[in-house]
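Chemist: starting from these lines, generate the structure:
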Amino acid sequence: MSTENKSVLLNNRTAICSTLGNNSSSYHDFHSNEETTTLDPAILQGICKLTLCTVDDNSKDPLYVICERFFGDLVKEIERDRLYSQTIPTASKVLLSILTSLMICLSLCGNSLVVMTFAFNKYMRSVTNVFILSLAISDLMVTFTCIPMNMGFILKPTHWLFGRFGCKLMPCITQLSVACSSLTLCCIAFDRYYAIVHPLKLKFLQTTKRATILQVVVWCVSAASTIPYAFFYDTLQVSACKEIDEEDKIVCVQQHHQITKKVFDIWVSMFVLFYGPFLFMSILYGIICYKLWAQRPVGAMSQRTYDVRLKLKRKAIKMLITVVFIFIICWSPLLLFNVIANANHVPTNVNSLNWRSFLQCLALSSTCWNPLVYAFMNEKFRKAFRTLLTCRKAQIQPVLEHRMSTESRKTTTQLEMPVLPVGSRQTSETKA
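Modeler: Residues are numbered from 1 along each chain as shown. Reported below is the predicted structural model:
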């Protein structure tokens, strides 16, 4: 809208308000008033649009209630315009922008180190590290897509910058990350359970090749769970007050299949792909912890060798449990908030938008924590990271460490052999 046309509307609006007075706010007064009947219908609609779009305190404006009754459809469009024009405070934008920038740097550097460690250090290509590599790839995918899009939404919430494809891509990648990470952590727990609790049984994940095949299946299942989210979201042009604001508003919102999306959010995302795996991992890691911490050591090997192996296993389990808890802490608040908001129809306002922005930031921060956990809690990863950062050749593992890592992949009976009573004679079998 040009400045001249807006000035004309303002003058006409002032004239109508002075004629009607503060007490003349009925539809009849507005429709039969001389000032309104002589106006062009387009100008009359423009006056009402200017009133509905610009007036904040409608109880004190003589035209607001009248225009609200006179142009009902326009009121609905303007209410939707105001709904999607909500923005978080400037202080929150600055803080979230700083946090998001740190997340991108940490995630990009840390997860790239994990990928390069697996690629250039053959001693790090164990079964468990295949799954850790999958977690790193998933986190990098989120870092390159969801985190920049989330930053764009924070800085300019009234204008979606990434087009219709980006609007459909962001929820899909988010769902893929949650599903892939939770199922991958389940695979790690299952592998560690059989390696520690049932070392004599045939292990399905004995080789990295089988672990890779299982991880491909995990990615396919996760991708299948994300497909419906491409149909739930779409871009929407909000233009009810475009002539007043002189800004074309395009937002990315959920528009279709609202009931179906609620079912997916509550049952598929929350229970099947999040809390279900968490319960599964809790049971397995509980049994593993009982095996490693509560039971007395058994076996015919020397006590020193057993203590070294037990110490390494306990460190590895502590690291994996820490990864699981960080994943749960980061994602559960946002998922719970979305489910509660959808179930209780929480209105979109500045407070809810502000809370959701910070919870979204917390969820996306899960991409940068895992490499830090590996660096602080795993000596092998720490050495491998140091080797990459200093551009040195990967050194050969010590003989004892290499032998132990090799034996851990094989089925062994040493840990299950009974302890002999004091003074008993060893047979040829126990000596072997």
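
Chemist: the residue nearest to Thr207 when sequence neighbours are not counted and Cys186, how far apart?
Modeler: Among residues not flanking Thr207 along the chain, Val127 sits closest, at 7.3 Å (Cβ to Cβ, 6 or more residues apart in numbering). C-betas here are computed from N, CA, C, even on glycine. Going from Val127 to Cys186 by Cβ to Cβ, to the nearest Å gives 14 Å.

Chemist: next: Val94.
Modeler: For Val94, the distance to Cys186 - Cβ to Cβ - is 39 Å.

Chemist: so which of those two has more stuff around it?
Modeler: Neighbours per residue (other Cβ atoms under 10 Å) separate Val94 from Cys186, with Cys186 holding more: 19 against 11.

Chemist: burial of Ser101, as a residue count?
Modeler: The burial count for Ser101: 12, using other Cβ under 10 Å.

Chemist: and it, how far is that from Leu155?
Modeler: As judged by Cβ to Cβ, Ser101 and Leu155 stand 12 Å apart.

Chemist: same check, this time on Leu236
Modeler: In terms of Cβ to Cβ, Leu236 sits 19 Å off from Leu155.

Chemist: cool, and Phe381?
Modeler: With distances taken as Cβ to Cβ, Phe381 is found 35 Å from Leu155.

Chemist: how about the strands in the stretch 1-150 of the chain?
Modeler: Using DSSP state E, counting those that start in this stretch, no strands are found in the stretch 1-150 of the chain.

Chemist: residue ranges with poor pLDDT in it?
Modeler: Scanning the stretch 1-150 of the chain for pLDDT under 70 picks out 1-47, 49-52, 54-72, 74, 80, 82-83.

Chemist: now the helices: where do they sit in it?
Modeler: Assigned by DSSP state H, counting those that start in this stretch, the stretch 1-150 of the chain shows helices spanning 3-20, 27-32, 34-37, 41-54, 64-70, 72-83, 90-120, 127-144, 146-155.

Chemist: by contact count, what packs against the longest helix belonging to the chain?
Modeler: Criterion DSSP state H: the longest helix present in the chain is helix 303-344. Judged by 3 or more Cβ pairs under 8 Å, 6 or more residues apart in numbering; DSSP states H and E, helix 303-344 is in contact with helix 127-144, helix 163-196, helix 258-263, helix 276-289, helix 350-364, helix 366-377, helix 399-407.

Chemist: Thr208 is nearest to which of the ones you listed?
Modeler: For Thr208, the closest of the helices and strands packed on helix 303-344 is helix 127-144, at 5.3 Å, according to Cβ to Cβ.

Chemist: what comes up buried for that closest one?
Modeler: For helix 127-144, burial by neighbour count (16 or more other Cβ atoms under 10 Å) applies to 127-143.

Chemist: which neighbouring elements make contact with that helix?
Modeler: helix 90-120, helix 163-196, helix 208-226, helix 303-344, helix 366-377.

Chemist: ok so, going back, mind putting the helices and strands packed on helix 303-344 in JSON lines, distance to Arg309 included?
Modeler: Shown next, in JSON lines, are these (distance: least, Cβ to Cβ, whole Å):
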{"stretch": "helix 127-144", "distance to Arg309": "16"}
{"stretch": "helix 163-196", "distance to Arg309": "11"}
{"stretch": "helix 258-263", "distance to Arg309": "47"}
{"stretch": "helix 276-289", "distance to Arg309": "14"}
{"stretch": "helix 350-364", "distance to Arg309": "37"}
{"stretch": "helix 366-377", "distance to Arg309": "18"}
{"stretch": "helix 399-407", "distance to Arg309": "6"}
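
Chemist: and Lys315, what does it touch?
Modeler: With contacts defined as Cβ atoms under 8 Å, 6 or more residues apart in numbering, Lys315 is in contact with Met377, Asn378, Glu379.

Chemist: with adjacent residues omitted, what lies nearest to the second one?
Modeler: Okay, so that is Asn378. If the residues on either side of it in the chain are set aside, Asn378 comes closest to Met319, at 5.4 Å by Cβ to Cβ, 6+ apart.

Chemist: before we move on, what about the first one?
Modeler: Excluding the flanking residues, the one nearest Met377 by Cβ to Cβ, 6+ apart is Met319, at 4.1 Å.

Chemist: and the gap between the one you found and Ile188?
Modeler: As for Met319, its distance to Ile188 is 10 Å (criterion: Cβ to Cβ).

Chemist: neighbour count winner among those two?
Modeler: Neighbour count, other Cβ under 10 Å: between Met319 and Ile188, Ile188 has more, with 25 against 18.

Chemist: how about that one: what's its closest non-neighbour residue?
Modeler: Nearest in space to Ile188, with sequence neighbours left out and distances taken as Cβ to Cβ, 6+ apart, is Phe131 at 4.8 Å.
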